[in-house]
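>>> after the sequence you'll find the predicted model.
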Amino acid sequence: MTLTLPLLAASDFNPVSEFTDFINDPYVNLPLGLDINKAVVYIWMSGALAILITLLVVRRGLKVRPDRAQTAAEAVYDVAYNQIAKAGLPSEGMRIWFPYVASAFMFIWMMNLIGFIPLPFGSEKVSIAGLELPKLQIYAATANLSVTLSLTLVTILASHIEGVRYNGLVKYFKSWMPSGMPAFGVKTAPLIILIALIEVISQGVRIVSLSFRLFFNLLAGHLVIAVFLAMGALIGGVAFYFIQPIGLAMGVALFTLEATLIAALQAFIFASLSAIYIGGAIHPDH
Amino acid sequence: MAATDPTIQAAKALELGLATGFGAIGPGIGVGFIFGKTIEAVGRQPELRGQLQGLMWLGFALTEAIVFYALGMAFVAYSIVK
């Protein structure tokens, strides 16, 4: 979203284009679609931040009587360990997959949080006192379907691979069917085939739901904030002076809600569901 | 018909609002149910508050995501009509 001091004129306000235009306008053009564009820069920043914060706290030395930073880091670790990993993963999967879900939680949280800091990475320019400066924008890497879909595919592939590794091929795919099914016969065949079809579809829908949930939460959050902040300009005319204060207040309120609650909650949900999917594949009977 | 046709413009605006609005009805009821039932459950068994809250947020996010399917499809329909 473009937040400039002379508030958005209604004519050049197109919220959706902010989330699509940068793809055609990368900083560095590379083959195979490996362009370095705005989303890639945001991912790098979030990854660096997630690593740096944790490293700084740990490298400074952990104390028996923790200071503020250590207490905060321990609280995050506690949430990742007890609420996310332990709730979904069985004990034998903890060693490999707790680091994955915990880092997914931290990484997505950082991506969401950076998305609420106005940063000058957009392609749009504004001239202030003769200088061409990039506009400050709020943009989240997770408001991009490619990012969330790749994270989802890692989780889904991991769950199927772990399911086959722990249970064997036949037992794992059999475990998709609900327990207590009648034996396969002439009479029961249509029913069993129908249920099998539904189960296969539901496995596929997981990919869609896991990625779309994160993507649209962030996209819609940013869109709603932008629309409220620019509401007066969108309506225009004399109404600007009546509408804009309301829109501004609503925008700030929504911004606070999104940045504090939704950013952490969506990361938590993604990591929790990853743990549940992987844990469910390792131990299908639970 | 061209994109500048006011009828098309009006239909697109209506489509976006109606699809998102109707899509929000069900999840709205569902989210209310989840929070209400959690409050009820915590009232009955306050010692389970931690576990119940974890489940509540999970259910909240799963229910809330349904709005975004509607919103996503609304955007798709919005951008398909040129």
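Everything's here; your move.
>>> okay, CA-based contacts and neighbour counts for the rest of this
Will do.
>>> which residues sit against stretch B:59-73?
A:209, A:212-213, A:216-217, A:220, A:266, A:269, B:16, B:19-20, B:23-24, B:27-28, B:30-31, B:34-35 (Cα atoms under 8 Å, 6 or more residues apart in numbering or on different chains).
>>> got a ChimeraX select line for the buried ones in those?
Of the contacts of stretch B:59-73, the buried ones go into a single ChimeraX selection, burial set by 16 or more other Cα atoms under 10 Å in any protein chain shown:
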select /A:209,212,213,216,217,266,269 /B:16,19,20,23,24,27,30,31,34,35
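>>> tell me which of the contacts of stretch B:59-73 fall in helices.
A:209, A:212-213, A:216-217, A:220, A:266, A:269, B:16, B:19-20, B:23-24, B:27-28, B:30-31, B:34-35 (DSSP state H).
>>> which secondary structure element is home to residue 43?
Answering for chain A, as no chain was given. Assigned by DSSP states H and E, A:Ile43 belongs to helix A:38-59.
>>> that answer is for a different chain, and I need it for chain B
B:Gly43 belongs to helix B:6-44, assigned by DSSP H and E.
>>> grab the nearest non-local neighbour of the residue in the stretch 51-200 of chain A positioned nearest to chain B.
For the stretch 51-200 of chain A and chain B, the shortest gap (Cα to the nearest Cα) falls at A:Gln83, measuring 7.0 Å. Nearest non-adjacent residue to A:Gln83, counting by Cα to Cα, 6 or more residues apart in numbering or on different chains: B:Gly54, 7.0 Å away.
>>> neighbours around the one you found, how many?
Neighbour count of B:Gly54, defined by other Cα atoms under 10 Å in any protein chain shown: 17.
>>> residues touching whatever residue of the stretch 101-250 of chain A ends up closest to chain B, list them.
Nearest to chain B in the stretch 101-250 of chain A, going by Cα to the nearest Cα, is A:Arg213, at a distance of 5.2 Å. Applying Cα under 8 Å, 6+ apart to A:Arg213 gives the contacts B:Ala65, B:Phe68.
>>> how far away is it from B:Ala77?
19 Å (Cα to Cα, to the nearest Å).
>>> who in the stretch 101-250 of chain A is up against chain B?
Proximity of the stretch 101-250 of chain A to chain B, by Cα under 8 Å from any Cα of the partner chain, involves residues A:Ser209, A:Phe212, A:Arg213, A:Phe216, A:Asn217, A:Ala220.
>>> got the residues you listed as CSV, with pLDDT columns?
CSV is the format used below for these (pLDDT from 0 to 100):
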residue, pLDDT
A:Ser209, 86
A:Phe212, 86
A:Arg213, 88
A:Phe216, 86
A:Asn217, 87
A:Ala220, 84
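>>> next, the residue nearest to the spatial centre of chain B: secondary structure please.
Centroid-nearest residue in chain B, with Cα atoms, centre = their mean: B:Val67, separated by 2.2 Å. Under DSSP: H, G, I helix; E, B strand; the rest coil, B:Val67 falls in the helix class.
>>> where in chain B is pLDDT low?
Within chain B, the stretches with pLDDT under 70 are B:1-3, B:82.
>>> kindly report the residues of it close to chain A.
Looking at chain A, the residues of chain B close enough under Cα under 8 Å from any Cα are B:Gly54, B:Trp57, B:Leu58, B:Ala61, B:Ala65, B:Phe68, B:Tyr69, B:Gly72.
>>> count of residues packed around residue 56?
No chain in the question, so chain A it is. Counted with other Cα under 10 Å, A:Leu56 comes out at 12.
>>> please go with chain B instead
19.
>>> what do you get for B:Glu40?
12.
>>> likewise A:Pro120?
Counted with other Cα under 10 Å, residues neighbouring A:Pro120 total 15.
>>> swap in A:Phe242?
10.
>>> what's the spacing between it and A:Val76?
Where A:Val76 is concerned, A:Phe242 sits at a distance of 43 Å (Cα to Cα).
>>> please report how far B:Arg31 lies from chain A.
Careful, residue B:31 is Val; it's not Arg. To chain A, B:Val31 is 15 Å away according to Cα to the nearest Cα, to the nearest Å.
>>> quick one: classify the residue lying closest to that residue once chain neighbours are set aside as helix, strand or coil.
Nearest residue to B:Val31, sequence neighbours excluded (Cα to Cα, 6+ apart): B:Phe60, at 5.8 Å. Of the three states, B:Phe60 takes helix according to three-state DSSP.
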